[in-house]
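Asks: I would like to see how this sequence folds:
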Amino acid sequence: MADTVTRTSSPREPHLAEVSAAPRVAAPRVAPDAAALAAQPVGRLRRAGRRVLAWPAWAQVLTVYLLSRVVATGVIELVALTAQNPAGVGDLHPAYGDLAVVWDGQWYEQIAEQGYPHGLPLTDTGRVDYNSWAFFPLFPALVRLVMVTGVPFVVAATAVNVVAAGGAVLLMRRLFAFRGPRSAAAPGWLTLLAVAVWAVLPPAVVLQVAYTEALASLLLVASLLLLVRRRYLAAVPVVLLLGLTRAVAAPLMLVVAWHAWQRWRHRADDPLSRPDVVRLTALGLATGVSSLLWPAIVGVATGIPDAFLQTQAVWGQRPEQGLFLPWLAWAWNGLGLAGVLLLLGVLALGVAAVLGRHGRWLAVELRVWAIAYPVYLLAVVRPITSMWRFLLLDFPLAAVLASVLARGRTRRGLRALGSVSVRVPWAELRWRLAWAAVLAVGAMTWWAAVLLTRTPWSDSPP
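Replies: Reported below is the predicted structural model:
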């Protein structure tokens, strides 16, 4: 028998279970004075954590999310005051509002106020010019609806994204907790930590500025949650709306196909009814339509079938260059063979993390998405700084990071993370969380200062 003592959570501490080593016969300890303990900052912090974990799950998630937005707002304002060149925003005294509509935000503002152009705009030399057909319509349409109340674009865009990201984190917690129709839910404290990690990732600044990550995250998480809960027909309109927000339906097709294959494979133990076959087929077809929906609309509206692809080519997206080849060429030109090996090594490390013990507590569909989505990006997107922002939609990686943060250094003395919510001792965990918070704020500030800011003579968009 292992010479350890395991203390599980009591009714008063439903989420704070600890593992600690102690001899069989421990010396009696004198209980600390209650008043002295109350005066200690650590004691107050610990009790505050217990009170928060006693709240309803939705209140916990929204509290964490709103705190992250407060931090992000402070970061954006600080960066605007200290790092934004006035020439990049046309304002001698840049502030939060300038960075909230910078880069792609200017295009979305133009769409919300003026709509899309007639036809395909051309330069004086007859080539396709930069134009707003490259940007998907659902986000500016929702912002336009809010602007009807009389608020300016920056306020409307911020409001839409704050609400959308709030809905995304609420659904994300449920999706992280779901591991299968016949499996116990993941520990509540772990799902909360996973959501918190996602909300403070460096590019999470864009969850409240004029970009589509917040809305796309809401629709993507909703689609996956409906899929794993087998509400296939309800997922159809959500998937179609996703096709009007971001070009991410193609890797989602792989997740739907994987889910369908798994249901067929295990049909003896988990019967697959004929109605479910019809509903799954409808969802698969809707996902395929979603991946082509906006390019088809642009082709019809402009009278040029490949107008969307021509517009994307203006920004440097050229599918004819070949899948993966731009990234391999970028790595080779940077560090030669070592660069290619480093790129493949990073990809392999990500796959191993998702498939390993830190990703095993997630539903299979989430792990498939966590691998399929970055592979899809490497296949079709050229090497650009926006990749950091694109990876925000690979939200299962936040759950993997949360597991790394919460688990012990070794396997000894720890139970499976997905069964009983046993984690590292509180004394160690609070320091991990403190350092992680400092690192998150620093990384978010760096990302905003380097990528969110804009100067006319430098092109490194977020």
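Asks: drop to CA atoms for contacts and neighbour counts, all remaining ones
Replies: Will do.
Asks: what about Val298, distance to Gln310?
Replies: For Val298, the distance to Gln310 equals 11 Å [Cα to Cα, to the nearest Å].
Asks: try Pro383
Replies: The value you get for Pro383 to Gln310, if Cα to Cα is used, is 19 Å.
Asks: and the helix or strand harbouring Ala352, what's buried?
Replies: Counting by DSSP states H and E, the element that carries Ala352 is helix 337-355. Buried positions in helix 337-355, judged by neighbour count with 16 or more other Cα atoms under 10 Å: Gly339, Val340, Leu343, Leu347, Gly350, Val351, Ala353, Val354, Leu355.
Asks: pLDDT score for the second one?
Replies: With respect to pLDDT, Val340 has a value of 96.
Asks: and for the closest residue to it other than its chain neighbours, the neighbour number?
Replies: Spatially, and ignoring its direct neighbours in sequence, Val340 is nearest to Ala331 (5.1 Å; Cα to Cα, 6 or more residues apart in numbering). Residues within reach of Ala331, counting by other Cα atoms under 10 Å, total 20.
Asks: for the one 5 residues further on, same thing?
Replies: By the other Cα under 10 Å criterion, the neighbourhood of Gly336 contains 14 residues.
Asks: next, the residue nearest to Val340: phi, psi?
Replies: Ala331 adopts backbone torsions of phi -70, psi -40, taken as degrees, to the nearest 10.
Asks: do the same with Gly166
Replies: phi -60, psi -40.
Asks: now the strands for the stretch 301-450 of the chain?
Replies: Counting by DSSP state E, counting those that start in this stretch, one finds strands in the stretch 301-450 of the chain at the ranges 422-423.
Asks: what strand or helix carries the residue lying closest to Ala249 once chain neighbours are set aside?
Replies: The shortest distance from Ala249 to any non-neighbouring residue, by Cα to Cα, 6+ apart, is to Ser291 (4.9 Å). Assigning secondary structure by DSSP H and E places Ser291 in helix 274-302.
Asks: give the other helices and strands that that helix contacts.
Replies: Packing contacts for helix 274-302, counted by 3 or more Cα pairs under 8 Å, 6 or more residues apart in numbering; DSSP states H and E, involve helix 232-242, helix 249-265, helix 307-314.
Asks: out of the ones you listed, deepest packed?
Replies: Most buried of these by mean neighbour count (mean count of other Cα atoms under 10 Å) is helix 232-242; its value is a mean of 21.
Asks: so where is the stretch 101-250 of the chain shaky, pLDDT-wise?
Replies: Residue ranges of the stretch 101-250 of the chain with pLDDT under 70: 182-184.
Asks: that one: strands as residue ranges?
Replies: Going by DSSP E, counting those that start in this stretch, the stretch 101-250 of the chain shows no strands.
Asks: helices of that one, start to end?
Replies: 104-114, 138-147, 153-177, 188-199, 213-228, 232-242, 249-265 (DSSP state H, counting those that start in this stretch).
Asks: counting by contacts, list what the helix holding Ala352 packs against.
Replies: Using 3+ Cα pairs under 8 Å, 6+ apart as the test, helix 337-355 ends up in contact with helix 325-335, helix 364-380, helix 396-406.
Asks: got the contact list for the second one?
Replies: If I follow you right, that is helix 364-380. Residues from elsewhere that reach helix 364-380, judged by Cα atoms under 8 Å, 6 or more residues apart in numbering: 179, 224, 228, 248, 251-252, 254-255, 258-259, 317, 319, 323-325, 327, 350-351, 354-355, 359, 387, 391, 394-397.
Asks: next one: the first one
Replies: Applying Cα under 8 Å, 6+ apart, the set of residues contacting helix 325-335 from outside is Leu337, Ala338, Gly339, Val340, Leu343, Leu378, Ala379, Arg382, Pro383.
Asks: do you know the pLDDT at the closest residue in space to the fifth one that isn't next to it in sequence?
Replies: With Cα to Cα, 6+ apart as the measure, Ala331 is the residue that lies nearest to Leu343, at 6.9 Å, once sequence neighbours are left out. Per-residue confidence (pLDDT) for Ala331: 95.
Asks: quick one: buried residues of stretch 316-324?
Replies: Applying 16+ other Cα under 10 Å to stretch 316-324 flags Gln317, Arg318, Pro319, Leu323, Phe324 as buried.
Asks: stretch 74-93 too?
Replies: Val75, Ile76, Glu77, Leu78, Val79, Ala80, Ala83, Gln84, Asn85, Pro86, Gly88, Val89.
Asks: just give me the closest of the residues you listed to Phe153.
Replies: Proximity of those to Phe153 (Cα to Cα) peaks at Val89, which lies at 15.5 Å.
Asks: and that closest one, what does it touch?
Replies: Asp98, Leu99, Val102, Arg454, Thr455.
Asks: swap in 7 Å and give it another go.
Replies: Asp98 (Cα atoms under 7 Å, 6 or more residues apart in numbering).
Asks: before we move on, what about Leu244?
Replies: With the criterion set at Cα under 7 Å, 6+ apart, Leu244 makes contact with Phe136, Pro137, Leu138, Trp294.
Asks: which two from those residues end up farthest apart in space?
Replies: Of all pairs in the contacts of Leu244, the most separated under Cα to Cα is Leu138 and Trp294 at 10.3 Å.
Asks: more neighbours, those two?
Replies: Between Leu138 and Trp294, counting by other Cα under 10 Å, Trp294 is the more crowded of the two (23 against 18).
Asks: having no further points to raise, I will conclude here.
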